[in-house]
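Participant: give the three-dimensional model of this entry:
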Amino acid sequence: MSIEATIRDKLERALRPTRLDVVNESHLHTGHRSSPGTGESHFRVRIVSDAFTGKSRLQRHRLVNETLAAELKGKVHALALETHAPSDVSD
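Facilitator: Just a heads-up that it's a prediction; the model follows:
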């Protein structure tokens, strides 16, 4: 399973989002000194979940980081997060 698929699967199971966008941005970092060059190292996640209701931005980010702890310790070099409760968005 790809890192992108793993991220999606773990977040869906743990946080049951109403919206989840996982974007692989690794190609934007090709050739950077700190980039591992794996093609799956830099991701942007936009997630909307009831689990974030009443939580601060820091608490929301911690929930995501805890869910993806193994990936963040290993193959994922950078993770940009947009975390929202359903009441935060007006899709």
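
Participant: does the spatially most central residue of the chain sit in a helix or strand, and which one?
Facilitator: Centroid check for the chain by C-alpha atoms, centre = their mean gives V45 as the closest residue, at 3.9 Å. Using DSSP states H and E, V45 sits within strand 42-48.

Participant: tell me the pLDDT at T67?
Facilitator: We have a pLDDT of 97 for T67.

Participant: so who does it touch?
Facilitator: T67 makes contacts with K10, L11, A14, L15, as judged by C-beta atoms under 8 Å, 6 or more residues apart in numbering. Placement of C-beta: from N, CA and C, glycine included.

Participant: make it 10 Å
Facilitator: I7, K10, L11, R13, A14, L15, A51 (C-beta atoms under 10 Å, 6 or more residues apart in numbering).

Participant: for S87, same thing?
Facilitator: Counting by C-beta under 10 Å, 6+ apart, S87 has contacts V48, D50, F52, T53, G54.

Participant: how much space between it and G54?
Facilitator: In this view, S87 and G54 are 10 Å apart by C-beta to C-beta, to the nearest Å.

Participant: tell me where this structure is predicted with low confidence.
Facilitator: Where the chain drops to pLDDT under 70, the residues are 27-40, 91.

Participant: could you work out the end-to-end span of stretch 50-70 for me?
Facilitator: Using C-alpha to C-alpha, to the nearest Å, the end-to-end distance of stretch 50-70 comes out at 24 Å.

Participant: mind listing what's buried in that stretch?
Facilitator: By 16 or more other C-beta atoms under 10 Å, the buried positions in stretch 50-70 come out as A51, F52, R60, H61, L63, V64, T67, L68.

Participant: spatially nearest residue to V89 (excluding sequence neighbours)?
Facilitator: Of all residues not flanking V89 in the chain, V48 sits nearest, at 5.7 Å (C-beta to C-beta, 6 or more residues apart in numbering).

Participant: just checking, the one you found touches S90?
Facilitator: No - applying C-beta atoms under 10 Å, one finds V48 not in contact with S90, separated by 11.1 Å.
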